[in-house]
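Undergrad: no sequence on this one, just coordinates:
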Ligand SMILES: Nc1ncnc2c1ncn2[C@@H]1O[C@H](COP(=O)(O)OS(=O)(=O)O)[C@@H](OP(=O)(O)O)[C@H]1O
Ligand SMILES: Nc1ncnc2c1ncn2[C@@H]1O[C@H](COP(=O)(O)OP(=O)(O)O)[C@@H](O)[C@H]1O
């Protein structure tokens, strides 16, 4: 791991590290001055103080720990080049402290950063601005820092608050999910409905693991860095970097077909609203989002971000002992789906994967985990593109299965099927004669015999194939898919 060509000679021999996506987003904000007063990743004392009381060690208010995890091997370094996933160097970290997180045990490096290059990728990158690149307004500026599209209600509330303050609007789409493009497109789609002169600047602020109040505080810091004088938010929180303005409640007056403040709706008029759950249910069924709720252009983007279940990407992940019936049921399911039509199916069978994608890997814990991560990566890509990925490895470790669930769930849906056939039955079947060899000590680390299998506690379906035929087992999975709306019933 040494820095690539193109770096100044003085930095060439420095070790390099590629932070994860969330840390890279934090790095971008640190380098751009959006996280001012922070100039680098936090050390142990600052982090503890921020978590405990929302302040840095010197008393400056700051709501969220901004830290950098590294492998233990890098904790002895004095300087480190931080690079993007393609190996492009972004910054040099001057290590002030190497420390271990007392909760997660992860190793962290803290210290100031020297920018080398601004990250230059990502959809709508051309719309991004550093705070020092925008012309500051003289008058009030109302920031809306949002991860959600603006529907007719929010547009009305925003216009009302902006007018009341006589403020310019600064719309900050917060990027950091899987559907960032849909969010920015949905906000661009309502541009005409926004007050004149509204600026839209996407900000790579990923969701930190903090409560709503801290999240509002963080948004207020970002808003202040971009020159806002006010932040529109659902609730006021003490200590925000700029004052929070909360909109008054609005509802749809169905009698006269307009959105307006609830206080101005006649008591005998019918009010309408659509909760997030109702909206999600409509999207899941692929039904029309009513025009009174949101504009058609926004509705179209909502459907991109959350396609109807029967078109949404899906991974069905079978796990179980060797010989439990994973391949048989997975193959049966793939055939049944292909026969029904309307879905593209990729079958990632354990044995086949080991011959191609994971050729050369052993059955050590590290190699099994790598094998499952590779399967998960491919399944997530299939899912992202709206296909059905069917996986059938043993996948003996719960943590690795959970990792795959997380990866896939970010881009579509994930179903875990535990093929729970008892070991004695698998061993009796011994289709490949492997159990006999394992018992004879000829195969070390054989799952269920001399290697662990962690039973899933989070299975969406359990199938004990000793009590049913392969056809019945496939039927159970199909029933689950129909009940969940992923495929249509016959
Ligand atoms: N030591 C050991 N333990 C378990 N299984 C072994 C081992 N050595 C070879 N095999 C054969 O490899 C198949 C399991 O591979 P997987 O990729 O599914 O395993 S894992 O998920 O990476 O643990 C498994 O296939 P299935 O029977 O289809 O499960 C076995 O045939
Ligand atoms: N209900 C059932 N579902 C799946 N397989 C079954 C069932 N009943 C018997 N079997 C037999 O059990 C064996 C399972 O092997 P396989 O599907 O390769 O399991 P795995 O992929 O989990 O190693 C096959 O020989 C299959 O015919």
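TA: Alright, I've got the coordinates. Computed from a predicted model, the values in this text were never measured in an experiment. Ligands and ions are numbered 1, 2, ... in the order given.

Undergrad: looking only at pLDDT, what's the mean for the longest helix seen in the chain?
TA: When the chain is parsed with DSSP state H, its longest helix is helix 365-384. For helix 365-384, mean pLDDT is 98.

Undergrad: Kindly report the same for stretch 147-158.
TA: 97.

Undergrad: phi, psi of the residue of the chain positioned farthest from its centre?
TA: Centroid-distance maximum for the chain: residue 440 at 45.7 Å, with CA atoms, centre = their mean. Dihedral pair for residue 440: phi -80, psi 0, per degrees, to the nearest 10.

Undergrad: roughly how far apart are it and residue 446?
TA: 10 Å (CB to CB, to the nearest Å). The C-beta positions use only the backbone N, C-alpha and C, and glycine is treated the same way.

Undergrad: residues in contact with the closest residue to ligand 2 within the stretch 351-490 of the chain?
TA: Of all residues in the stretch 351-490 of the chain, the one sitting closest to ligand 2 is residue 465 (3.4 Å; CB to the nearest ligand atom). Neighbour list for residue 465: 324-325, 328-329, 419, 421, 425, 473 [criterion: CB atoms under 8 Å, 6 or more residues apart in numbering].

Undergrad: Confirm that it sits in a strand.
TA: No - according to DSSP: H, G, I helix; E, B strand; the rest coil, residue 465 belongs to no strand; its state is coil.

Undergrad: List the contacts of the nearest residue to it once chain neighbours are set aside.
TA: Distances taken as CB to CB, 6 or more residues apart in numbering place residue 325 nearest to residue 465, at 3.7 Å, with adjacent residues excluded. Residue 325 makes contacts with 419, 421, 463, 465, 470, 473, as judged by CB under 8 Å, 6+ apart.

Undergrad: The second one: what's it in contact with?
TA: In this case it means residue 421. Neighbours of residue 421 in contact, by CB under 8 Å, 6+ apart: 320-321, 323-325, 463-466.

Undergrad: now do the fifth one
TA: Applying CB under 8 Å, 6+ apart, we find residue 470 in contact with 325, 328-329, 332.

Undergrad: try 6 Å
TA: 328, 332 (CB atoms under 6 Å, 6 or more residues apart in numbering).

Undergrad: same question, residue 182
TA: 301, 304-305.

Undergrad: And residue 305, by the same measure?
TA: Taking CB under 6 Å, 6+ apart, one finds 179, 182 in contact with residue 305.

Undergrad: Quick check on it: phi, psi?
TA: The phi/psi pair for residue 305 (degrees, to the nearest 10) is phi -70, psi -30.

Undergrad: For residue 280, see how far away it is.
TA: 11 Å.

Undergrad: cool, and residue 271?
TA: 21 Å.

Undergrad: And for residue 296?
TA: On the measure of CB to CB, residue 296 and residue 280 end up 18 Å apart.

Undergrad: Equivalent analysis for residue 77, please.
TA: 46 Å.

Undergrad: SS state for residue 171?
TA: Secondary structure, three-state DSSP: residue 171 is strand.

Undergrad: residues in contact with it?
TA: 144, 198, 200.

Undergrad: Find me the pLDDT at the first one, would you?
TA: So that's residue 144. pLDDT, residue 144: 98.

Undergrad: Show me what the helix or strand hosting it pairs with in its sheet, parallel or antiparallel.
TA: Assigning secondary structure by DSSP states H and E places residue 144 in strand 141-146. With DSSP bridges as the test, strand 141-146 is paired with strand 168-173 (parallel), strand 230-232 (parallel).

Undergrad: Just put the ones you listed in a markdown table and tack on distance to residue 138 and mean pLDDT.
TA: Compiled in a markdown table, those are given as follows (distance: least, CB to CB, whole Å; pLDDT from 0 to 100):
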| stretch | distance to residue 138 | mean pLDDT |
| --- | --- | --- |
| strand 168-173 | 10 | 98 |
| strand 230-232 | 15 | 98 |
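
Undergrad: TSV for the ones you listed, including distance to ligand 2?
TA: As requested, those are exported to TSV (distance: least, CB to the nearest ligand atom, whole Å):
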stretch	distance to ligand 2
strand 168-173	45
strand 230-232	54
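
Undergrad: ranking those strands by burial, who's on top?
TA: When these are scored by mean count of other CB atoms under 10 Å, the highest mean neighbour count falls to strand 230-232 (a mean of 26).

Undergrad: now that strand, how far from the centre of its chain.
TA: Mean C-alpha position of strand 230-232 versus that of the full chain (CA atoms, centre = their mean, to the nearest Å) differs by 26 Å.

Undergrad: Any regions of the chain where pLDDT drops low?
TA: 1-7, 121 (pLDDT under 70).

Undergrad: in it, what residue is nearest ligand 2?
TA: For the chain, CB to the nearest ligand atom, closest residue to ligand 2: residue 325, 2.8 Å.

Undergrad: Residue numbers of the protein in contact with ligand 2?
TA: 320, 322-329, 392, 429, 431, 465, 468-470, 473 (CB under 6 Å from any ligand atom).

Undergrad: Buried among the residues you listed? Need that as a selection in PyMOL.
TA: Of the residues of the chain next to ligand 2, the buried ones go into a single PyMOL selection, burial set by 16 or more other CB atoms under 10 Å:
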select buried, resi 320+322+323+324+325+326+327+328+329+392+429+465+468+473
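
Undergrad: Can you narrow the residues of the chain next to ligand 2 down to the ones near ligand 1?
TA: Applying CB under 6 Å from any ligand atom to the residues of the chain next to ligand 2, those adjacent to ligand 1 are 322-323, 327.

Undergrad: tell me the strands in the stretch 201-350 of the chain, going along the chain?
TA: Remark: strands assigned in the stretch 201-350 of the chain by DSSP state E, counting those that start in this stretch are 230-232, 244-245, 250-253, 258-261, 271-272, 314-320, 345-349.

Undergrad: Let me know the angle separating the longest one from strand 345-349.
TA: Between strand 314-320 and strand 345-349, the angle formed by their directions is 20 degrees, by axes from the mean of the first three to the mean of the last three CA atoms, to 10 degrees.

Undergrad: Contacts for strand 314-320 next, please.
TA: Outside strand 314-320, the residues that reach it (CB under 6 Å, 6+ apart) are 326, 330, 379, 383, 388-392, 395, 408, 412-419, 486.

Undergrad: go on, stretch 381-391?
TA: 311, 313-317, 330, 333-334, 343-348, 375, 379, 408, 411-412.

Undergrad: Next, the residue nearest to residue 250 when sequence neighbours are not counted: phi, psi?
TA: Nearest non-adjacent residue to residue 250, counting by CB to CB, 6+ apart: residue 153, 5.0 Å away. Per-residue torsions, residue 153: phi -60, psi -50 (degrees, to the nearest 10).
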